[in-house]
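S.K.: here's a sequence, model it:
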Amino acid sequence: MPDKIKAVLVGCGGISRAWLGALSQMPEVEVVGLVDVVEEAAHNRAEEFNLGSAFIGSNLESVLAATAPDVVFNCTIPEAHVEVTLEALSHGCHVLTEKPLADTLQGARRLVEAAASSGKMLAVMQNYRYNRGVRALKGFLDEGVIGSPHTVNVDFYIGAHFGGFRDHMRHVLLVDMAIHIFDMARFITGADPVSVYCKEWNPEGSWYDHGASAVAVFELSGGLVFNFRGSWCAEGLNTSWSGQWRVIGPKGSVSWDGEDGFRAQVVKATGGFLSELEDVQVPPYEGDKVGGHAGLIRDFVQAVLSGGQVDTVASDNIRSLAMVFAAVDSAERRLPVDITI
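M.R.: Predicted coordinates for the structure are as follows:
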């Protein structure tokens, strides 16, 4: 097993700081190249992170040819994800890409097929899976304390004043944020999407041009119903960035505030109008799959070194992405939509 890998990072915008900051703490990774269409941005990142020996360029193919990396980190804008990832896979590189996997479902299918053909790992930055709370919730549900979940409700309300391109995006909440929540719902339940009905609107007072609020009702495999309510222009009483969760099963319920707060109750006795309930504890997660971006980058690097894979591989993540595109389709058509991969 090799003890070090060479990496090229593509896309030196704001998000690249989180990636390069994490990589700077991993001696097993050598960043040998930085690429950006604005070459000055790549030079700035090289200076910021003391990468003076990194090959700098604006053309990915040229940088790959000059550096022969093992992995490519794709931090480009969503519209460039397919082109950049295909180029990296064609050069025999493993790829970890920022979400979304692709800007269309057709593009995502191409990437899944290309990764399978290349024999290389293609994974997506679903950093919300590397949250200690969601890991604890999944562990609690896996133990069967409340039985097999049949209902998952999530509220996401944040008044996010980003400015810039998000203010003008179509379907801004669904496309730019909701995939995190949708992916977490799949993660904690182990269920896959079947269908969705979504209503999207832009409330009075919204500083976005389009679609800052949405509600969506998903049917998941096994008859599970997942309800999402959210807004990016909700002033006051904001939820956490992971949302507020309630999961219901035949034996009880559990709530999670998206941070460190849990409450769970199970049925102690039946026979009356209301069942007798008792509080139960949600055990803390003691594993190492935490740390957001840094945690997933670390796991990806270790998977490359060991010949394994991470659980956000494209062949799985495309199911979460399909939920986003189906919700958008439903909102535009004002009809329920079956979800196909």
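S.K.: what is the biggest helix by length in the chain packed up against?
M.R.: For the chain, the helix with the greatest residue count under DSSP state H is helix 314-333. In terms of contacts (3 or more Cβ pairs under 8 Å, 6 or more residues apart in numbering; DSSP states H and E), helix 314-333 is packed against helix 105-118, strand 122-125, helix 172-176, helix 178-189, strand 193-201, strand 213-220, strand 337-338. The C-beta positions use only the backbone N, C-alpha and C, and glycine is treated the same way.
S.K.: how about a cut-off of 6 Å?
M.R.: Here helix 314-333 is seen to pack against helix 105-118, helix 172-176, helix 178-189, strand 193-201, strand 337-338 when contacts are counted using 3 or more Cβ pairs under 6 Å, 6 or more residues apart in numbering; DSSP states H and E.
S.K.: how far out from the middle of the chain is the third one?
M.R.: Average the C-alpha atoms of helix 178-189, do the same for its chain, and the two points are 8 Å apart (Cα atoms, centre = their mean, to the nearest Å).
S.K.: could you do the last one as well?
M.R.: Averaging C-alpha positions (Cα atoms, centre = their mean) puts strand 337-338 22 Å from its chain's average.
S.K.: list the contacts of that strand.
M.R.: Residues from elsewhere that reach strand 337-338 (Cβ atoms under 6 Å, 6 or more residues apart in numbering): Ser195, Val196, Ala326, Asp329, Ser330.
S.K.: can you tell me which of the helices and strands packed on helix 314-333 the model trusts least?
M.R.: When these are ranked by mean pLDDT, helix 172-176 comes last with a mean of 93.
S.K.: show me what that one is packed against.
M.R.: Helix 172-176 packs on helix 314-333, going by 3+ Cβ pairs under 6 Å, 6+ apart.
S.K.: give the buried residues for the helix it packs on.
M.R.: 314, 316-331 (16 or more other Cβ atoms under 10 Å).
S.K.: model confidence score at the most centrally placed residue in the chain, please.
M.R.: With distances taken as Cα atoms, centre = their mean, Gln126 lies nearest the centre of the chain, 2.6 Å away. Gln126 is assigned a predicted lDDT (pLDDT) of 96.
S.K.: same question for the one 3 residues further on.
M.R.: Per-residue confidence at Arg129 stands at 96 (pLDDT).
S.K.: cool, Met1 as well?
M.R.: 52.
S.K.: okay, and for the protein, where does confidence drop off?
M.R.: 1 (pLDDT under 70).
S.K.: how much space between the closest residue to Phe325 other than its chain neighbours and Met169?
M.R.: Once flanking residues are discounted, Phe325 sits nearest to Leu105: 5.0 Å by Cβ to Cβ, 6 or more residues apart in numbering. Counting by Cβ to Cβ, to the nearest Å, the gap from Leu105 to Met169 is 18 Å.
S.K.: repeat that for His161.
M.R.: 14 Å.
S.K.: looking at the two, which has the bigger crowd around it?
M.R.: It is Met169, of His161 and Met169, that has more neighbours when counted by other Cβ atoms under 10 Å, with 18 against 12.
S.K.: measure the more buried one to Ile77 for me?
M.R.: Counting by Cβ to Cβ, the gap from Met169 to Ile77 is 12 Å.
S.K.: also Leu89?
M.R.: According to Cβ to Cβ, Leu89 and Ile77 sit 19 Å apart.
S.K.: which of those two has more residues huddled nearby?
M.R.: Leu89 (22 against 14).
S.K.: what segments of the stretch 201-341 of the chain are helices?
M.R.: For the stretch 201-341 of the chain, the helices defined by DSSP state H, counting those that start in this stretch occupy 292-306, 314-333.
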